[in-house]
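1. Build me a model from this:
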Amino acid sequence: MSDIQGMLLETANAVFADRTDARFDEVWEAVDEAGFGILLLDETAGGFGGDWADFFAVMREAGRHALPAPVGEYALATWSATAAGLELPAGCVSVATDVEGDVTGSVFNGVLRRIPWGRYAENIIAVSSGNVMLLPLASASIEEHENPAGEPRDDAILTDVEVVTAKIDVDLQARAGLMRVGQISGAVDSALEMSIEYANSRKQFGRPLAKFQAVQQNLAVFASEAAAVNCAGQAAALACDRAATGAGAQFELAAAKLRVNMAVDKATAIAHQVHGAIGFTEEYPLQRLTRRLMGWRSEFGNDRYWAERLGNHVAGRGGTGLWHSVTGRSD
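-> Down below sits the predicted model:
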């Protein structure tokens, strides 16, 4: 970890801590004032100058604290808009990759589905058919939906909305997948810490749960999954930093999202097994993490989506090409 990333994480921890139950406007104001929206912009563009490894680290903190705000979406929207040469208006912004509709001239008609925190957003950065689009939501009809954690995942129906577009190849789906990888990594780590603490403090038959071999075995599996998730995410972030456009990082991005999706099953199951009935109660903080894990797993690509994308990438290279591709990668 660099000194700059260390300072960035100190700021993130200070801003994100103890805000799980705060009002959205309070959290958004804190995130905006801290400057996380410009995390991925070059210093010459007035940004922080952070890289994708920094982005992943910040998203781990957001996941660890179960932050109820689109901090990653904000950073991705700003990065996408800047790359496309679009000026992003002030205010709450999110991203959309599930787009149904057409642009005729400068007018968009269609639906943006499953927008994170869509009901609070004033503008949306959406990517469809090689176009980056800046869409205002002032006149949109919002259909409110939520993921298992109660986080807004809304549909926006837009009719004759003026849109600003730019033709640029931005794989927002993959970068948003990396965002969820980071959040899942942080939430899994936090759930593991809670499970270890509970197993050491809770006693059965006169001794701590952590002294039972079956519990130790489960926690060891849990720790292995947490390590795998973190390593996969870091590898994907570093691959993005090595590739100027991100095109050379497709293998790592797909592998990371698929790997963390697979880890969610074991992580949530073991966490609740260790905690027993108390882990399911609304008052106990474990459910804030596990419900998010179950929701984030399917967002910006579920298991099938990333398995197919990874499989197509591998098949396209052939046996020899895949071997050289894998062995040619660094840590």
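
2. residues in contact with Asp154?
-> For Asp154, the set of contacting residues under the criterion of Cβ atoms under 8 Å, 6 or more residues apart in numbering consists of 114-115, 117-119, 142-145. Bear in mind the C-beta positions are built from the backbone N, C-alpha and C, glycine included.

3. can you rerun that using 6 Å?
-> When contacts are counted by Cβ atoms under 6 Å, 6 or more residues apart in numbering, Asp154 touches 115, 118-119, 142, 144-145.

4. quick one: the nearest residue to Ala166 once chain neighbours are set aside from Val107, how far?
-> Ranked by Cβ to Cβ, 6 or more residues apart in numbering and with sequence neighbours excluded, the top spatial neighbour of Ala166 is Ala84, at 3.7 Å. Taking Cβ to Cβ, to the nearest Å as the criterion, Ala84 is separated from Val107 by 18 Å.

5. List the pairing partners of the strand or helix carrying Leu112 within its sheet, with orientation.
-> Under the criterion DSSP states H and E, the helix or strand holding Leu112 is strand 107-116. When pairing is defined by DSSP bridges, strand 107-116 lines up against strand 98-104 (antiparallel), strand 153-162 (antiparallel).

6. Mean pLDDT and distance to Gly316 added to the ones you listed, as TSV?
-> Formatted as TSV, the entries for these read as follows, by pLDDT from 0 to 100; distance: least, Cβ to Cβ, whole Å:
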stretch	mean pLDDT	distance to Gly316
strand 98-104	94	25
strand 153-162	98	32
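
7. So which of those is nearest Val31?
-> Within the strands paired with strand 107-116, the stretch nearest Val31 is strand 153-162; the backing value is 18.6 Å (Cβ to Cβ).

8. Tell me the most packed of the contacts of Asp154, by neighbour count.
-> Comparing these by number of neighbours (other Cβ atoms under 10 Å), Ile115 comes first, having 27 neighbours.

9. which one is Gly72 nearest to, not counting chain neighbours?
-> Leaving aside its sequence neighbours, Gly72 sits nearest to Met179 (Cβ to Cβ, 6+ apart; 3.9 Å).

10. Model confidence score at the one you found, please.
-> Met179 is assigned 98 on the pLDDT scale.

11. Relative to Val326, how far out is it?
-> 25 Å.

12. what does Phe56 give?
-> When Cβ to Cβ is applied, the distance between Phe56 and Val326 equals 21 Å.

13. likewise Ala236?
-> Distance from Ala236 to Val326, by Cβ to Cβ: 15 Å.

14. Which one of these two is surrounded by more residues?
-> For Ala236 and Val326, the more surrounded residue by other Cβ under 10 Å is Ala236, and the numbers stand at 30 against 11.

15. who's in contact with that one?
-> Applying Cβ under 6 Å, 6+ apart, one finds that Ala236 lies in contact with 178, 252-253, 256.

16. Please apply the same query to Ile278.
-> The contact partners of Ile278, by Cβ under 6 Å, 6+ apart, come to Tyr284.

17. can you pull the pLDDT of it?
-> According to the per-residue confidence, Ile278 scores 92 in pLDDT.

18. same check, this time on Met262
-> Here, the pLDDT recorded for Met262 equals 95.

19. Not counting residues beside it along the chain, what's closest to it?
-> Of all residues not flanking Met262 in the chain, Asp303 sits nearest, at 7.0 Å (Cβ to Cβ, 6+ apart).

20. Go ahead and confirm that neighbour touches Asn261.
-> Yes - Asp303 is in contact with Asn261 according to Cβ atoms under 6 Å; the separation is 4.9 Å.

21. Tell me which of the two has more neighbours.
-> Comparing Asp303 with Asn261 by neighbour count (other Cβ under 10 Å), the higher total belongs to Asn261, at 26 against 15.

22. Please report how far the more buried one lies from Ser80.
-> Remark: distance between Asn261 and Ser80 (Cβ to Cβ) = 24 Å.
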